[in-house]
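Peer 1: Sequence and predicted model, in that order:
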Amino acid sequence: MSALSRPERAIIVAIILVTAVAGVLRYVGGVSQVLAFAVATVALAGLAWIVSFATEQVGQRLGPAATGVLQSTLGNLPEFFVVIFALNAGQRVVAETAILGSILVNALLVLGLVIVAGALRTRDGVMRFGRRLPNDTATLLLVSSFIIVLIGLVHSANDSASHHVETISIIGAVAILLVYGGWLREYLRSDQRPAGGAEPPRVPVATSVVLLALGGVASAFVSDWFVHALQPTINTLHITQAFAGLVIVAIAGNAVENVAGIVLAAKGRSELAISVVKNSVAQIAAFLYPLLVLVSLLTATRLTFSLAPVYIGALIGTAVIVWQITGDGEATAFEGGALVATFVILATVAAFEK
């Protein structure tokens, strides 16, 4: 760890201490569950920072595409564990809205803030980036939305297919995973390594790998503590499960993208910033969600592509507005603000959903 600066070492030590406190609060009796939930949330965000930092150091040896995929994959570990533990605890609404919230938080709130930060840094107020990834992300999001819309329609019609939603979801999950795998292969093949003037990595590969392992393993434990304190916190604070999953869990579980993308955009690294956020949206919609549908076969509660109509509408609307704003390879602060405002509206609706 000697390659780390003094502030970085101090931050990592502080995160380890917060994580340890979260563990103590989980197993000590008579502790406020709201306090336990708050500390676990901070620990999750801190571990996400460790993963983000280590991934950025590894990514400086790679191109923006590979870095974005790597950071999104590792950054989604907390979300994966949170959903698994929620399903084991029988909290289907939290699990469903946490996945959907991850898509919407990244596609609306985080992307909006990234665009604002990136646009304000340029002289003409326009953030520019490649068009391929935004358009590919929209395609993957629409493919994933297709099965969700179909299942919503068969449910509303109450036809014979509505009695086989689990089977349809399993087959659909496999099909979407194959599509994502095909896209990922072509996307990584087109990657370009950093130019010679790129900032060199400061941390050795071995140190980065240790930090990644530390963050990933600790995230699994903290996610369990997080979910354990979630329902008591919902009851105490009188918030809905939908709001908890769509906003609180989604933001906490995606802290990597929340921080990394905005910081990269503020530094003027627009291509990498967009890559991190867009890869996360594509990966959650076309990889994490279908993967969790299959993994849920081993949990106490099954996960399917069946969602409430309001969230189906939100997903389709998000795919359209994100494609419209980023499909041309440039965006302004006004457009970023529009994405953030869209998420605020959605969060308000979730606050009144059961």
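Peer 2: Now that the structure is in, tell me what you want to look at.

Peer 1: Which residue ranges of the stretch 1-150 of the chain form helices?
Peer 2: 6-27, 33-59, 64-75, 77-88, 92-104, 111-121, 132-157 (DSSP state H, counting those that start in this stretch).

Peer 1: ok now the last one, how far from the chain's centre?
Peer 2: Averaging C-alpha positions (Cα atoms, centre = their mean, to the nearest Å) puts helix 132-157 18 Å from its chain's average.

Peer 1: Show the contacting residues for Arg121.
Peer 2: Listed by Cβ atoms under 8 Å, 6 or more residues apart in numbering, the contact partners of Arg121 are 127, 265-266, 268. To be clear about C-beta, it is placed using only N, CA and C from the backbone, and glycine gets the same treatment.

Peer 1: pretty sure Gly268 is in a strand, no?
Peer 2: No - applying DSSP: H, G, I helix; E, B strand; the rest coil, one finds Gly268 to be coil, outside a strand.

Peer 1: that older thread, how about the contacts of Arg121 in CSV, adding pLDDT, neighbour count and distance to Val51?
Peer 2: Below are the contacts of Arg121 laid out as CSV (pLDDT from 0 to 100; neighbours: other Cβ atoms under 10 Å; distance: Cβ to Cβ, whole Å):
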residue, pLDDT, neighbour count, distance to Val51
Met127, 94, 27, 25
Ala265, 87, 28, 19
Ala266, 86, 16, 20
Gly268, 85, 14, 23
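
Peer 1: helix, strand or coil for Arg202?
Peer 2: coil.

Peer 1: That one touches Gln57, doesn't it?
Peer 2: Yes - judged on Cβ atoms under 8 Å, Arg202 makes contact with Gln57 at a distance of 6.8 Å.

Peer 1: residues of stretch 295-315 that come out buried?
Peer 2: Residues 295-296, 299, 303-308, 311-312, 314-315 are the ones in stretch 295-315 that count as buried (16 or more other Cβ atoms under 10 Å).

Peer 1: correction: stretch 284-293
Peer 2: Here stretch 284-293 shows 284-293 as buried, counting by 16+ other Cβ under 10 Å.

Peer 1: Comparing the helices of the stretch 1-150 of the chain, which comes out most buried?
Peer 2: helix 92-104 (a mean of 27; mean count of other Cβ atoms under 10 Å).

Peer 1: That one packs against which elements?
Peer 2: Packing partners of helix 92-104 (3 or more Cβ pairs under 8 Å, 6 or more residues apart in numbering; DSSP states H and E): helix 77-88, helix 241-243, helix 250-253, helix 289-295, helix 309-326, helix 333-350.

Peer 1: Return the mean pLDDT over the fifth one, rounded to an integer.
Peer 2: Confidence for helix 309-326, expressed as mean pLDDT, is 90.

Peer 1: How far off centre is that helix?
Peer 2: 16 Å.
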